[in-house]
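J.: Predicted model, plus sequence, below.
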Amino acid sequence: KADVRGVTADVATAEGARTVLERFPEVDILVNNLGVFGACPVLEIDDAEWRRYFEINVLSGVRLARLYLPGMTARGWGRVQFISSDSAVIIPEEMVHYGMSKTALLAVSRGYAKAVAGTGVTVNTVLAGPTHTEGVEDFVAEMVGDDLPWEDAQRRFMAEHRPNSLLKRLIEPAEIADMVVYLSSPRASATTGGALRVDGGYVDAILP
């Protein structure tokens, strides 16, 4: 039977990250999945919005990893993951600020992996492709209109805005979670410092 406990905190702030640490002083697996996204012409993104995306999408994970990695290395086991995106390597024209933040996670993850080399702790990034969430449903409606049935809207969005996808559909969250579960397990002990794709073949490259 699972023992589920929670904490309410804004981990986009240093105070929020500390609140989480106080509630859970030790963790074995840290999955940094906080993020915001939205469409905006790049020349209209002001300084405050650039900073907001960096604080939420990047520094939230940076802070938590910095707080929890010392304990993991002391115990000789741990898993840290950063949920990035195909947008890290294929910057979407309509949300460059989002792509920037997801690219930064690749560097952060690789750097932390080097910092804990040889300790039994692994750090990786998951490159998620276009994924079906409530927020993405709103985004799809914004991009293709809200007058189409969902299945038709999804197909039009993928064809017009994400044509590289080999799935030709949005990925379900459980499909991303399968990779997260694997990377969190002892079976992934030799996988660290990597960027693993669950992108439906969206990134047109043989190597990650």
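T.: On my side now, so go ahead. Residues are numbered from 1 along each chain as shown.
J.: Let me see the contact set for Ala65.
T.: Residues in contact with Ala65 (Cβ atoms under 8 Å, 6 or more residues apart in numbering) are Leu30, Asn32, Val80, Phe82, Val108, Tyr112, Val123. Glycine gets a C-beta too; all of them are placed from N, C-alpha and C.
J.: For the third one, pull up the helix or strand it's in.
T.: Put plainly, it is Val80. In the assignment (DSSP states H and E), Val80 maps to strand 78-85.
J.: what's the helix or strand following that strand packed up against?
T.: For strand 78-85, the following helix or strand on the C-terminal side (DSSP H and E) is helix 96-115. Where contact means 3 or more Cβ pairs under 8 Å, 6 or more residues apart in numbering; DSSP states H and E, helix 96-115 is packed against helix 47-54, helix 60-75, strand 78-85, strand 121-128.
J.: Now tell me which helix or strand of the protein has the poorest mean pLDDT.
T.: Lowest on mean pLDDT, DSSP states H and E among the helices and strands of the chain sits helix 134-144, with a mean of 89.
J.: counting contacts, what elements does whichever helix or strand comes after it pack onto?
T.: The first helix or strand that comes after helix 134-144 along the chain, using DSSP H and E, is helix 150-161. Secondary-structure packing of helix 150-161 (3+ Cβ pairs under 8 Å, 6+ apart): helix 134-144.
J.: Using PDB, write out every CA atom in the helix it packs on.
T.: Extracted C-alpha coordinates of helix 134-144, given in PDB (Å, rounded to 0.1, in the frame of the first residue of the first chain):
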ATOM      1  CA  GLU A 134      -5.100  20.000 -20.600                       C
ATOM      2  CA  GLY A 135      -2.700  22.900 -21.200                       C
ATOM      3  CA  VAL A 136      -1.800  21.500 -24.600                       C
ATOM      4  CA  GLU A 137      -5.500  21.200 -25.500                       C
ATOM      5  CA  ASP A 138      -5.800  24.900 -24.800                       C
ATOM      6  CA  PHE A 139      -2.600  25.500 -26.800                       C
ATOM      7  CA  VAL A 140      -3.900  23.500 -29.800                       C
ATOM      8  CA  ALA A 141      -7.200  25.500 -29.700                       C
ATOM      9  CA  GLU A 142      -5.100  28.700 -29.700                       C
ATOM     10  CA  MET A 143      -3.100  27.500 -32.700                       C
ATOM     11  CA  VAL A 144      -5.800  25.900 -34.900                       C
END
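J.: re the thing from before, which of the contacts of Ala65 tops the neighbour count?
T.: Greatest neighbour count in these, by other Cβ atoms under 10 Å, goes to Phe82: 30 neighbours.
J.: quick one: the spatially most central residue of the chain and Lys1, what's the gap?
T.: The chain has Ile83 as the residue nearest its centroid, 2.0 Å off, counting by Cα atoms, centre = their mean. Noted for Ile83: a distance of 28 Å to Lys1, by Cβ to Cβ, to the nearest Å.
J.: Likewise for Thr13?
T.: From Thr13 to Lys1 the distance is 34 Å (Cβ to Cβ).
J.: Equivalent analysis for Thr19, please.
T.: Distance from Thr19 to Lys1, by Cβ to Cβ: 27 Å.
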